[in-house]
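1. when you get a sec, could you give me coordinates for this:
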Amino acid sequence: MRAIVVDSSHQLSWQEVEDPTCAPHQVLVDIHASAVNRADLLQRVGQYPPPPGAPPYMGLEMAGTICQIGKNVCGWQVGDRVLALLSGGGYAERVAVPADHLIALPKEWDFTRGAAIPEVFLTAFVNLFSEAQLQAGETVLIHGGASGVGTAAIQLAREAGCRVIATAGTSAKIERCRALGAELAINYRTDDFAEAVQAHCEGVDVVLDISAADYLERNVCLLKRGGRLVFIALLSGPRATLDIGQVLGKRLHLIGSTLRGRSNAEKASITRAFSERFWPLILSGAIVPVIDTILPIERVDEAQQMLAENRTIGKVVLTVRTEGKTHE
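-> This next block holds a predicted model:
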């Protein structure tokens, strides 16, 4: 098969590599589409290596068709259309996936739509509802609301009966956040988000944060008593000064969270819980994956640059196969 390989100067190429093997609890999937995530950009420059046992190639999600079944797998057949979260290997023609990580792709969906779901929706789900224990009627502040995770998180929180506030960096992104369900969307480039939130309400119960250092003081200030701050990225850096008195006085919870390095069993549990609670809403169209751009896998460098420059609203999807054929 072929995969996107990173050389010593961080350049990308689509080249021949060894085929994956199928363990008894896994299936092999012919990948039709994958998608770009910020973790891929970090892995490309050596800052986020894949966990032990994961494929060495970038790509944390995919949609495709099953081409081989492990001997211990039940409930799936060769030819089934599926999507799944991955620990790596999405930028390739084929990948081995634990069978209990799979979600069936509806026949009427194209593969690009399926590939836009796993990483961002499962990330938003586990951090909002497992880590932060977000409840109906609570208020959540979602930073980076127009990102892949942000667009997913706004919709999940909306459907869970929560009040949603989002930040984003352009007027077009602000309007998209509002359209997805944010009652307040703040342009962080032109307005102080903390002042805007304080003018709008009495504070928030949960903050889903991608910035870290630069936002820490304001995030803590905005949290109500018993509030939860979940860090899922470090875009402004990992170090900041913290007023621990506020943490104690308001009984706050500061939570660090990643998804990629969790065990297969935990990822299976997350996938199952997400499917039970929200998959029917995705099937009905109440919740939709937001796709900015679709590019062939050979243009992955361009796709990653779009993400690095914050030019996207939602996902950048990569096509690997078209009408049963792989890209040449």
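2. in the chain, where is pLDDT below threshold?
-> Across the chain, the ranges flagged by pLDDT under 70 are 323-328.
3. tell me where the stretch 101-250 of the chain has strands.
-> For the stretch 101-250 of the chain, the strands defined by DSSP state E, counting those that start in this stretch cover 102-104, 139-142, 163-168, 184-187, 204-209, 223-231.
4. and of those strands, who's closest to Gly46?
-> Gly46 sits nearest to strand 223-231 of all those, at 21.9 Å, using C-beta to C-beta. (Each C-beta comes from the backbone N, C-alpha and C, glycine too.)
5. Ala286 is nearest to which of the strands of the stretch 101-250 of the chain?
-> strand 163-168 (14.9 Å).
6. so what touches the closest one?
-> In this structure, residues lying in contact with strand 163-168 by C-beta atoms under 8 Å, 6 or more residues apart in numbering are 137-146, 150, 154, 157-158, 174, 176-177, 181-188, 193, 197, 200-201, 204.
7. please redo it, this time with the cut-off set to 7 Å
-> Strand 163-168 is contacted from outside by 139-146, 150, 154, 157-158, 174, 177, 181-188, 193, 197, 204, using C-beta atoms under 7 Å, 6 or more residues apart in numbering.
8. save the strands of the stretch 101-250 of the chain as a markdown table, and put in mean neighbour count and distance to Leu254 too.
-> Formatted as a markdown table, these follow (neighbours: other C-beta atoms under 10 Å; distance: least, C-beta to C-beta, whole Å):
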| stretch | mean neighbour count | distance to Leu254 |
| --- | --- | --- |
| strand 102-104 | 20 | 31 |
| strand 139-142 | 28 | 14 |
| strand 163-168 | 27 | 19 |
| strand 184-187 | 21 | 22 |
| strand 204-209 | 26 | 10 |
| strand 223-231 | 20 | 5 |
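9. which helices and strands does the biggest helix by length in the chain pack with?
-> When the chain is scanned for its longest helix (criterion: DSSP state H), the result is helix 264-284. For helix 264-284, the elements it packs on are strand 102-104, helix 118-125, judged by 3 or more C-beta pairs under 7 Å, 6 or more residues apart in numbering; DSSP states H and E.
10. the same query, at a cut-off of 8 Å, please.
-> strand 81-85, strand 94-98, strand 102-104, helix 118-125, helix 148-159 (3 or more C-beta pairs under 8 Å, 6 or more residues apart in numbering; DSSP states H and E).
11. how about the helices of this structure, start to end?
-> Counting by DSSP H, the helices of the chain are 38-44, 111-115, 118-125, 148-159, 171-180, 193-200, 216-222, 244-249, 264-284, 300-308.
12. buried stuff in the fifth one?
-> Going back to what we said before, that points to helix 171-180. Lys173, Ile174, Arg176, Cys177, Arg178, Leu180 (16 or more other C-beta atoms under 10 Å).
13. next: the first one.
-> In terms of neighbour count (16+ other C-beta under 10 Å), helix 38-44 has its buried residues at Arg38, Ala39, Asp40, Leu41, Gln43, Arg44.
14. grab the nearest non-local neighbour of the fifth one.
-> Read that as Gln43. Spatial nearest neighbour of Gln43, chain neighbours left out: Met58 (5.3 Å); criterion: C-beta to C-beta, 6 or more residues apart in numbering.
15. and the residue nearest the centre of the protein?
-> Val120 (2.1 Å; C-alpha atoms, centre = their mean).
16. could you measure the residue nearest to Gln43 against Gln304, distance?
-> 9 Å (C-beta to C-beta, to the nearest Å).
17. same deal with Val29?
-> On the measure of C-beta to C-beta, Val29 and Gln304 end up 23 Å apart.
18. more neighbours, those two?
-> The residue with more neighbours, out of Val29 and Gln304, is Val29; 28 against 21, by other C-beta atoms under 10 Å.
19. bridging residues for the closest residue to that one other than its chain neighbours?
-> Taking C-beta to C-beta, 6+ apart, and ignoring the residues beside it in sequence, Val29 has Gly64 as its nearest neighbour in space, at 4.4 Å. Assessed by DSSP bridges, Gly64 has beta-bridge partners Ile31, Val82.
20. again with the one 5 residues further on
-> Beta-bridge pairing of Ile69, defined through DSSP bridges, involves Val27.
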